[in-house]
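# Mind folding the following:
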Amino acid sequence: MVKKIWSLLLVSSLVLAFSSASFSVMKGLEKESPDVVKVGEGVEVPAGQQVGSAVAVGGPVTVRGHVQKDAVAVGGSVHLKNKSFVGGNAVSVGGTVHKSSGAVVKGDITEIPFSSVLPKCGPLSSQYLVGMLALLDALMFIWAVILAMVFVAFFTSQMGRVSVEMEKSPVKTFFIGLLIALLVIPIGLLLVFSIIGIALIPLWILALASAGLLGGFSVAHLIGKKLLYALRIYGKSMMVETLAGVITLFLLGMVPILGPLVKFVACMCGLGAVYNTRFGTR
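Next up is the predicted model:
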């Protein structure tokens, strides 16, 4: 038993340490055209040009050519010009999706206005503190939605494998995730007190964060898919299923005691499934 635990510790450390490299390799193998991602400015796909995904954070996305996967604008609008093509979803957070009559969108068109989640409060209100807490929750929710869309756009197959692993072995993935979580502090201490380990600490932190995000959004996808199936809503894209799961987990988190407990179990299952699938690569 001790030997198996140390084997799990060693493998999980190596997998987590080199997760970013694994992501890059898988991403390069799976996409046919390069993805375009810009922060603080807009993205434009000219006529006759083909890209994988078009993602803009803090600017609009204008498509005149061909987008194989998703067109996503956070803090801007999506403009689909005549004869443009989007093979996935067209999503705008804080803006609108303008679709010309000659544009083609194979997936869903989704608009998420900031006003729908931001509370109205002022510094002179008697409920200022409550309003600020609500504002913080709303900002965290928006950030979760943004990250979820980015993960679905770039790590579709990895999320699918992790989600299937959780659905197939929920108990097993929970206990593996719990064991890894318990080993985080000991491994961190080993790295701090070793000469070589100190240099690996940034990679260790990055790997843990990547594992947590991949596992968490894969859990959201599974929950969203099950919820939509229960409501007899079929055939929705992974983007819609994942956003439905994010919203469900956000609402569950507001329930005292039960909410944090459900989120803890979900996180452990996600972490265990990420380990079992080696970051969704198998």
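# In terms of secondary structure, what does the longest helix belonging to the chain contact?
Criterion DSSP state H: the longest helix present in the chain is helix 195-230. Contacts defined by 3 or more C-beta pairs under 8 Å, 6 or more residues apart in numbering; DSSP states H and E place helix 195-230 against helix 2-17, helix 19-30, helix 128-154, helix 156-168, helix 170-192, helix 238-252, helix 258-276. Glycine gets a C-beta too; all of them are placed from N, C-alpha and C.
# Could you pull out the buried residues of that helix?
Buried positions in helix 195-230, judged by neighbour count with 16 or more other C-beta atoms under 10 Å: 197, 203-204, 207-208, 210-211, 213-225, 228.
# Next: stretch 35-53.
35-37, 42-45, 51-53.
# Select, from those, the two members most distant in space.
Taking C-beta to C-beta as the measure, the buried residues of stretch 35-53 reach their widest spread between G42 and G52, a distance of 17.4 Å.
# so what's the residue lying closest to G59 once chain neighbours are set aside up against?
Distance criterion C-beta to C-beta, 6 or more residues apart in numbering; nearest residue to G59, sequence neighbours excluded, is G42 at 3.6 Å. G42 makes contacts with 56, 59-62, 73, 76, as judged by C-beta atoms under 8 Å, 6 or more residues apart in numbering.
# same thing with P60?
Counting by C-beta under 8 Å, 6+ apart, P60 has contacts 42-43, 73, 76-79, 95.
# residue ranges with poor pLDDT in the protein?
Along the chain, segments meeting pLDDT under 70 span 1-32, 114-134, 195, 197.
# Domain boundaries for it, per the record?
Using automatic domain parsing, the domain parsing of the chain gives 2-29+155-276, 33-125.
# Take those domains and lay them out in a markdown table including distance to L136.
Below are the domains of the chain laid out as a markdown table (distance: least, C-beta to C-beta, whole Å):
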| stretch | distance to L136 |
| --- | --- |
| domain 2-29+155-276 | 13 |
| domain 33-125 | 10 |
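# Nearest approach to A148 belongs to which of the ones you listed?
Closest to A148 of those, according to C-beta to C-beta: domain 2-29+155-276, at 5.1 Å.
# Report the distance from the closest one to the chain centre.
Centroid displacement of domain 2-29+155-276 relative to its chain, using C-alpha atoms, centre = their mean, to the nearest Å, is 11 Å.
# same deal with stretch 58-70?
The chain centre lies 20 Å from the centre of stretch 58-70; the measure is C-alpha atoms, centre = their mean.
# list the buried ones in that stretch?
59-70.
# From those residues, pick the one nearest K236.
Of all the buried residues of stretch 58-70, the one with the least separation from K236 (C-beta to C-beta) is D70, at 14.0 Å.
# Quick check: nearest residue in space to that closest one, chain neighbours excluded?
Residue nearest to D70 in three dimensions, not counting chain neighbours: G88, with 3.9 Å by C-beta to C-beta, 6+ apart.
# So what would you say the end-to-end distance of stretch 144-163 is?
Counting by C-alpha to C-alpha, to the nearest Å, you get 18 Å between the two ends of stretch 144-163.
# residues in contact with it?
If you take C-beta under 8 Å, 6+ apart as the criterion, stretch 144-163 is touched by 23, 26-27, 30, 35, 53, 55, 57, 69-70, 72, 74, 88, 91, 93, 112, 213-215, 217-222, 225, 238-239, 242-243, 246, 250, 270, 273-274, 277, 279-282.
# For it, list every residue counted as buried.
144-146, 148-156, 158-163.
# How far off centre is that stretch?
The mean C-alpha position of stretch 144-163 is separated from the chain mean by 4 Å, C-alpha atoms, centre = their mean.
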